[in-house]
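A predicted structure for the sequence below; I have some questions about it.
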Amino acid sequence: MARIPEPNQLRNLKGCRDKTRFLPEGVTITLLKKLPKPKKWWPAEVVEMYETKGAQLLAHGMLSILDIEYLGWYCLLGCKMDETWRDNETPSMAMYTQINSLSAHLGLNPIGRQKFQAPEKPTEGNKFSK
């Protein structure tokens, strides 16, 4: 069984001199300030859902350029499920699974929101360490 790799901060504290052995720090992604225009071929119902959900995600600082495609799929599938219900049919379980996975990716359900980290508050020093 493989070991869990140590974080870079711990390696640095231990005095690891070989910086090439450090793990990558991660990818920094800039968040969007404005929602991109929807696709021209989308129906009006999908565009309305795209603008509503997009505005909610933008307001909470949870939307980046990498999430736009997922947001589009989420809106298309959500409207398709609504249409299926209006036709007095039941959407398939595959549709439920897909919408649940897309909503988790976008942080639209409680489990998905846990993946988003709140900005860290600056910490003050330990008052007992003097």
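Everything's here; your move. Numbers count the residues shown, from 1 in each chain.

only C-alpha atoms from now on, for both contacts and neighbour counts.
Noted.

report the contact partners of the residue most central in space within the chain.
Nearest to the mean C-alpha position of the chain, by C-alpha atoms, centre = their mean, lies residue 106 at 4.1 Å. Listed by C-alpha atoms under 8 Å, 6 or more residues apart in numbering, the contact set of residue 106 reads 62-63, 67, 70-71, 112.

now the element after the lengthiest helix in the chain, going C-ward?
Ranked by residue count and defined by DSSP state H, the top helix of the chain is helix 68-86. Toward the C-terminal end, the helix or strand that comes next after helix 68-86 (DSSP states H and E) is helix 93-106.

export that next one as CSV, just CAs?
The C-alpha coordinates for helix 93-106 follow below in CSV (Å, rounded to 0.1, in the frame of the first residue of the first chain):
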residue,chain,number,x,y,z
MET,A,93,-32.5,7.3,-13.4
ALA,A,94,-29.6,8.1,-15.7
MET,A,95,-30.9,11.7,-16.0
TYR,A,96,-31.1,12.0,-12.3
THR,A,97,-27.6,10.6,-11.9
GLN,A,98,-26.3,13.0,-14.4
ILE,A,99,-28.0,16.1,-13.0
ASN,A,100,-26.8,15.1,-9.5
SER,A,101,-23.2,14.8,-10.7
LEU,A,102,-23.4,18.1,-12.5
SER,A,103,-24.9,19.9,-9.6
ALA,A,104,-22.2,18.5,-7.3
HIS,A,105,-19.5,19.7,-9.7
LEU,A,106,-21.0,23.2,-9.7
